[in-house]
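[1] Give me coordinates for this.
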Amino acid sequence: MENNYPFKEIESKWQKNWLDRGQFKTEEKNKYKKYYVLEMFPYPSGRIHMGHVRNYTIGDVIARYKAMQGFNVLHPMGWDAFGLPAENAAIKNKIPPAKWTNENINFMRAQLKKLGFSYDWEREINTSSPEYYKWNQWLFQKFFEKGLVYRKKSAVNWCPSCNTVLANEQVVDGKCWRCQSVVVQKDIEQWFLKITAYSDELLADLENLKTSWPEQVLVMQKNWIGKSQGVEVKFSIKDSKDDLIIFTTRPDTLCGVTFMVLAPEHPLLLKLIKGKPQEKEVTGFIEKVKKEDLTVGTSLKKDKKGLFTGSFAVNPITKEEIPIWVGNFVLMEYGTGAIMAVPAHDERDFQFAKEYNIPIKVVIQNKDRSLDADKMTGAYEDEGVLVNSLSFDNIQSSSAKDNISQWLEKKNLGAKKTIYRLRDWGVSRQRYWGTPIPVIYCDKCGVVLVPEKDLPVKLPVDVEFSGTNLSPLLQDKAFLNVECPKCGGKGRRETDTLDTFFDSSWYYLRYTSPKENKSLFNSKSIEFWMPVDQYIGGIEHAILHLLYSRFFTKAMADVGLFDIREPFKNLLTQGMVIKDGYKMSKSRGNTVDPDSILDYYGADAARLFILFTAPPERDLEWNDDGVEGAARFINRVWRLVNRYIDGHDSNFISIPKDLDLEKEEKKLNNILNKTIKKVTEDIEDRFHFNTAISSIMELVNELYLFDDIKVEGIKQKPIYINTIKSLVLMLAPFAPHLCEELWEKLDSHTSVLKETWPKFDSKALITEEYNLVVQINGKVRSRILLPANLKDRQIREKVLSDEKVASWLTGKTVKKVILVPEKLMNIVTE
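    Next comes the predicted model:
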């Protein structure tokens, strides 16, 4: 027997074995209950990182555990292969994006295989392959026919020097990342998916996910959809025939409006400032805001700035003249692009009013009637009674909302309305490395879909980047110039490509039948496997990817492809991997190369450390000592099981007089069954792999104690044999290479993965007696064997009367006693 586990030899042996015998190949077997476990697939950036390793290890444990429970498990892997980094690499390294991407995929696939993940590699998909993106194009056309795709002008980041559109990531401090020219906003025609048609269903169906998705994700999606019920109110504009329409959820505060704020893009703004003294200053402000990064110019902006336009609106109830401002924090995309500001009763408005010395008017009094606008240090946003509101005075604010809404509707000055924060999804990308949009433009016929028989519209692979930001598609005449499918005249292909979120919004469906070439999937396979039973990925995908996937599922169902309305039954969002207090990143220089860990400690040690250090939903702090500790535990298990296999029963002694062998066997059986119960529940109910592994470690400690009993035939005792085998079975999902080898050594002719997960005997869970660890001021001082039926007072008496404990307490006063039932007592002294 080798004292140290030879991980390199054994891991390569079993990885080859699994591959040769198709261990993880999945078929649709109706006699087994299906279980579809899926981790979010990676972008092939070149190398996997520890965030990947954690994500995929979690999924692999679940997949292996479910297989051992008798489920027919689908556990696939693929590549989210389109995206901007490949174009950047092509420009930098003078290498075609396709070549760069495929080389990365080959390298990362090898890395994943070294970790021993139980993927069915025959189902591997690559979203940049024509076999996949053909169905992106087909879906685009089906959505178009369903009225879910349309084209409109929308603002983009535009570099006038490079004469091209830039992604947000390519705008650095308001300048082009390549030529450093100032970036401007420009409206161009783009394609959109009508996700807003599903706003209500996307929101309502979150209720069905309450018990199976993290609450944080549900809240994030709910807020992103942003359903608001309120009133659209018409403010007339002084000296103008135009009206200013605003949306508010607080009509009860209408009499407290002291200023209005417009978004910089509001269509009335230029008209309002024309010829006024403020025109030049406001125009400069508008241009400045336009140059800001789109991701910053939102209502979340901390530094809220604004200017008075010189124009006034008229309050529809009080007839007061209200100054109209322009602000960098008002969104044209939400509501009407204009807001009424009530600083006395809205904290954002209060802070803005204080900054710009705008009047504050109280219109809702608290129950003490103590609110004074001059003395307020913050907005009063709670319920109260209306004041300074003319005929609405003395009405409760909750009732006043409806009263004022009805008054506005009666006077034709407003109407109740429901609005959403969610906006339609712009899927056009002015880039090369993506799915070509299957559209042809014809001067005679207009917009023409590429005939289905001509799909896929293939992306030219052998392309050169000219050194500008222009997409190669604009310069490829063979791609660009085509015949119109309708009239046979001259046509021009669409040169925009689809957002990569389009690819990832349905990939989980393709895994069910990835080799299907007559349709995007086999309907029977969808019926068999969907929905995904367990989806795993980072919290950063809580909104876009998950929301888009939910939308796609509903839209595809409405196209008639299946009856499913939600794609993911259960969701687990794992935490980040942290090192030196920060998330691992190349820019911080705190990354850990998975290959170096695998070469030095092995895959099982890496897996075990990642699973043991923190629960999946929590952040994991990387610690090299922790990996070494995991490797030491693997060696302990290796030596323990091999000692049993090798039959080290030499140098037996007679049974000590004080040893009750039957009691020791019963004790071990009790510990084994408790461990099986705890590990099963930790995996099944909570995914608390850390506590499951901790329980297995405790079992190993007990086995070593039992193993030290030098009694002839002890290792042939059924309970010992059963415990050894159960140990290997329970550890198998966490450390599969080690356990396959040990299982084979235990004279098994089947894979440990094909074995049945151990079941506990509820009768054996009853404890007759146990060892209580006794600590004094946190340090272990004694272990006392106690009957299981003692009350807390009796336990304390027995512990304090113990000879060892008494000696440690001599001359000390007991301040506090902390008892962890059947495990530990800590005595704190003064």
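[2] for D462, what are its contacts?
    P96 (Cβ atoms under 8 Å, 6 or more residues apart in numbering). In this view, the C-beta of every residue, glycine as well, is placed from N, C-alpha and C.
[3] do the same with T318
    C255, L390.
[4] Could you do the one 3 residues further on as well?
    For E321, the set of contacting residues under the criterion of Cβ under 8 Å, 6+ apart consists of K238, F312, A313, V314, N315.
[5] what pairs with the second one across the strands?
    Per DSSP bridges, the residues bridged to F312 are P323.
[6] Would you quantify the distance from it to I237?
    7 Å (Cβ to Cβ, to the nearest Å).
[7] list residues touching both of these two?
    Common neighbours of F312 and I237 (Cβ under 8 Å, 6+ apart) are I324.
[8] Tell me the helices and strands packed up against the helix or strand hosting K290.
    K290 is part of helix 279-291 when elements are defined by DSSP states H and E. Judged by 3 or more Cβ pairs under 8 Å, 6 or more residues apart in numbering; DSSP states H and E, the packing partners of helix 279-291 are strand 184-193, helix 269-273, strand 306-314, strand 321-327.
[9] switch to 6 Å and redo it
    Judged by 3 or more Cβ pairs under 6 Å, 6 or more residues apart in numbering; DSSP states H and E, helix 279-291 is in contact with strand 306-314.
[10] Quick check: which helices or strands does the strand it packs on pack against?
    On a contact count with 3+ Cβ pairs under 6 Å, 6+ apart, strand 306-314 meets strand 228-237, helix 269-273, helix 279-291, strand 321-327.
[11] go again using 8 Å as the cut-off
    strand 228-237, strand 259-262, helix 269-273, helix 279-291, strand 321-327.
[12] coming back round to it: ok, residues contacting the helix holding K290?
    The contact list for helix 279-291 (Cβ under 8 Å, 6+ apart) reads 174, 182-185, 264, 269-270, 273, 297, 305, 307, 309-310, 326, 328.
[13] in this protein, what spans have low per-residue confidence?
    Where the chain drops to pLDDT under 70, the residues are 1-2, 162-164, 167, 169, 178, 291-302, 466-469, 586-587, 648-661, 708-716.
[14] top helix in it by residue count?
    Taking DSSP state H as the criterion, the chain has its longest helix at helix 624-646.
[15] what helices or strands is it leaning on?
    helix 603-613, helix 689-707, helix 718-731, helix 736-745.
[16] And the last one, what's buried?
    Right, helix 736-745. P736, H737, L738, C739, E740, E741, L742, W743, E744 (16 or more other Cβ atoms under 10 Å).
[17] Name every strand pairing with whatever helix or strand comes next after that helix and say which way it goes.
    Sequence order places strand 769-776 as the next helix or strand after helix 736-745, per DSSP H and E. Strand 769-776 has the following strand partners under DSSP bridges: strand 779-787 (antiparallel), strand 824-829 (parallel).
[18] any residues touching strand 769-776, and which ones?
    Here strand 769-776 has contacts from 667, 780-788, 795, 799, 802, 804-805, 808-809, 822-827, 829, using Cβ under 8 Å, 6+ apart.
[19] Just name the most buried of the strands paired with strand 769-776.
    strand 824-829 (a mean of 17; mean count of other Cβ atoms under 10 Å).
[20] sorry, back to before: go ahead and build a ChimeraX selection from the buried members of the contacts of E321.
    Those of those that count as buried under 16+ other Cβ under 10 Å are selected in ChimeraX with:
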select :312,313,314,315
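[21] Any chance of CSV for the contacts of E321, columns distance to L509?
    What follows is these, written out as CSV (distance: Cβ to Cβ, whole Å):
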residue, distance to L509
K238, 57
F312, 56
A313, 51
V314, 55
N315, 54
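[22] For the contacts of E321, work out which two are farthest apart.
    Within the contacts of E321, K238 and N315 form the most distant pair, 11.2 Å apart (Cβ to Cβ).
[23] residues near Q574, how many?
    For Q574, the count of nearby residues is 26 (other Cβ atoms under 10 Å).
[24] Let me see the contact set for the nearest residue to it once chain neighbours are set aside.
    What sits nearest to Q574 in space, not counting adjacent residues and going by Cβ to Cβ, 6 or more residues apart in numbering, is P616, at 4.7 Å. By Cβ under 8 Å, 6+ apart, the contact set of P616 is R54, I58, L572, Q574, G575, F687, F689.
[25] helix or strand for P616, which one?
    Here P616 is assigned to no helix or strand, by DSSP H and E.
[26] Check the gap between it and V577 for me.
    P616 is 12 Å from V577, by Cβ to Cβ.
[27] For G491, see how far away N481 is.
    The spacing between N481 and G491, counted by Cβ to Cβ, is 8 Å.
[28] And the two? Which one has more around it.
    G491 (22 against 11).
[29] so the more buried one makes contact with F479?
    No - G491 lies out of contact with F479 (Cβ atoms under 8 Å); the separation is 12.0 Å.
[30] which residues are in contact with both of those two?
    Going by Cβ under 8 Å, 6+ apart, no residue sits against G491 while also sitting against F479.
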